[in-house]
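>>> predicted model and sequence below, questions to follow.
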Amino acid sequence: MSIYIESGDVFSYIFNACSTEQISAFVPQKRGFRLHGHSTTIRLETAFWDVLEEMALNQGMDLPELITTIHDHCMVANDKNLASCLRVICMKYINICA
C-alpha cells in the first residue's frame with residue numbers, strides 16, 4: 001500500500017485527499033458493540049472504520065472481536081476513551097503496514 005510522492009510534495013498530496021469528492025471519509029459513524037457483555041457505542045470517522053475493517057480481515061477476526069481485543073490491550077494506557085485508542089491503533093497500523 002505504498003504511495004510514491006515527489007519530494008517536498010507531501011502537503012499537496014494530503015490536501016488533494018481532502019477534496020469534496022472524498023468527504024465521506026470524514027463523516028463520523030456510530031456503531032454499537034457488546035464488550036464483555038456491556039453495550040457501547042463508538043463514534044469514528046469512516047476512514048478509521050475502513051482501517052479497522054481491514055485490520056480485522058487481515059487478522060481473521062470480525063470487527064467486534066478486533067474492537068474487544070484492542071479494548072482489552074489499550075485501555076491500560078487510556079482507560080477513559082476507547083475511540084482515541086482505536087484512532088491511535090489505526091495510525092500505528094497504517095505506519096507499519098503502509
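That came through fine.
>>> give me the buried positions along stretch 59-68.
Of the residues in stretch 59-68, 66-67 count as buried by neighbour count, 16 or more other Cβ atoms under 10 Å. Every C-beta, even on glycine, is put in place using the N, C-alpha and C of the backbone.
>>> helices along the protein, start to end?
For the chain, the helices defined by DSSP state H cover 10-16, 46-59, 63-74, 82-97.
>>> of those helices, give the one that comes closest to G37.
helix 63-74 (10.8 Å; Cβ to Cβ).
>>> correct me, but L86 touches W49?
No. Look at L86 against W49 with Cβ atoms under 8 Å: they stay out of range, at 9.2 Å.
>>> name the residue in these two with the higher neighbour count.
Under the criterion of other Cβ atoms under 10 Å, the comparison of L86 against W49 puts L86 first, with 22 against 18.
>>> gap between the more buried one and V10?
25 Å (Cβ to Cβ, to the nearest Å).
>>> do A25 as well
18 Å.
>>> also R87?
Taken as Cβ to Cβ, the span from R87 to V10 is 21 Å.
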